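Engineer: Only the shape, not the letters, is given here:
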Ligand code: THU
């Protein structure tokens with residue numbers, strides 16, 4: 001699975017975004033070490049706080065299927081499927097990634113067109129607290 005293919009999967013997943021309150025559509029595609037792709041979108045709620053981010057949807061789908069080892073995730077976000085700028089995962093999603101991924105885990109930020117940015121979890125969540133601290 002190439003970076004570009006994973007970003008395309010994230011763009012496709014964003015089409016399922018349920019975001020009637022913000023209009024901000026987010027898609028994620030998570031590649032596991034055994035080669036499976038788990039996609040996710042943001043799912044909003046009238047009570048606001050139950051809203052789930054696209055990245056966590058993808059992670060929770062994978063973990064609930066028994067998959068816990070991951071290589072990289074692609075994310076896109078923007079109003080009404082217009083991914084005009086790079087979108088980066090929120091702090092809560094970065095922390096969820098850290099639960100299952102090492103600092104070398106790769107995050108691909110996509111946008112309209114073919115350009116993308118490639119970052120590590122260490123860059124997005126430096127000096128992190130994780131299960132490695134809980135020993
Ligand atoms: N959102 C995500 O899906 N992922 C993030 O990392 C940040 C924000 C969603 C939540 C909400 O539905 C919308 O984007 C606006 O905050």
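Structural biologist: Thanks, I have the structure now. It should be emphasised that the depicted structure is a prediction, and the values quoted were computed from it without experimental measurement.

Engineer: What sits closest to the spatially most central residue of the chain if chain neighbours are left out?
Structural biologist: Centroid-nearest residue in the chain: residue 55, 3.1 Å away (criterion: CA atoms, centre = their mean). Excluding the flanking residues, the one nearest residue 55 by CB to CB, 6 or more residues apart in numbering is residue 93, at 4.0 Å. The C-beta positions use only the backbone N, C-alpha and C, and glycine is treated the same way.

Engineer: after the helix or strand harbouring the one you found comes which helix or strand?
Structural biologist: Using DSSP states H and E, residue 93 falls within helix 91-100. Per DSSP H and E, the first helix or strand lying C-terminal to helix 91-100 is strand 106-110.

Engineer: and the host helix or strand of residue 26, what other elements does it pack with?
Structural biologist: Assigned by DSSP H and E, residue 26 belongs to strand 24-32. When contacts are defined as 3 or more CB pairs under 8 Å, 6 or more residues apart in numbering; DSSP states H and E, strand 24-32 sits against helix 3-14, strand 37-41, helix 54-64, strand 70-79.

Engineer: could you dump the ones you listed to TSV with distance to residue 114?
Structural biologist: As requested, the helices and strands packed on strand 24-32 are exported to TSV (distance: least, CB to CB, whole Å):
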stretch	distance to residue 114
helix 3-14	7
strand 37-41	19
helix 54-64	21
strand 70-79	12
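
Engineer: In three-state terms, label the residue nearest to residue 78 when sequence neighbours are not counted for me.
Structural biologist: Leaving aside its sequence neighbours, residue 78 sits nearest to residue 84 (CB to CB, 6+ apart; 5.7 Å). At residue 84, secondary structure determined by DSSP: H, G, I helix; E, B strand; the rest coil is coil.
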